[in-house]
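**Student:** Need coordinates for the below:
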Amino acid sequence: MRVPVRRLTVLYDAECALCAFLRDWLVRQRQLVPLDLVPAGSAEARRRFPGLDHRTTLDDITVIGDGGQVYRGAAAWIITLWALREHRPLAHRLSTPAGMRVAKGAALAAAKWRGGRWGGRAYRRTEGWTYDASLGWTYVPKGCADGACPTD
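**Tutor:** Here you go, the predicted structure:
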């Protein structure tokens, strides 16, 4: 059985310039479904969603429906657009198989922007993976930051 969505909570990285810009943009949009914008990993997010892995919410946009639905990545972008009056038709187009590929590409592009140009620093949220605009994606095993790796 499908549970209707009457309210969405968008968890965003408050330390990310792009994320803060998008939060401000969302606030200015006419909403068909109300959006609560809460910093990811914050005390408020932990209070509202105690069973959620809050570390992963800093890796990518996470949206939670009032019925407990959890959307991440491209699906989170699509459900957020679906909540907006002017962008619901776009959300419907992106929810198709072909549209989902476009949405995933947009989410990856946002991650690139986030890590390089907007944030001004390498993106290090995901376990070991780093994006730097001049180098692209690189992998540094956990515990090997700054060239110092623990020995077995």
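**Student:** What does Ile64 show for phi and psi?
**Tutor:** When read as degrees, to the nearest 10, the backbone of Ile64 gives phi -120, psi 130.
**Student:** From Thr9, how far off is it?
**Tutor:** 5 Å (C-beta to C-beta, to the nearest Å). Placement of C-beta: from N, CA and C, glycine included.
**Student:** Pull up the overlap in contacts between those two.
**Tutor:** Common contacts of Ile64 and Thr9 (C-beta atoms under 8 Å, 6 or more residues apart in numbering): 48-49.
**Student:** Who has more neighbours out of those two?
**Tutor:** Between Ile64 and Thr9, Ile64 has the larger neighbour count (other C-beta atoms under 10 Å), namely 24 against 18.
**Student:** need the contact list for that one.
**Tutor:** 8-9, 11, 48-49, 52, 70-71.
**Student:** Now for those: which two are most distant?
**Tutor:** Farthest pair in these (C-beta to C-beta) is Arg48 and Tyr71. Separation: 15.4 Å.
**Student:** Nice, that's everything, thank you.
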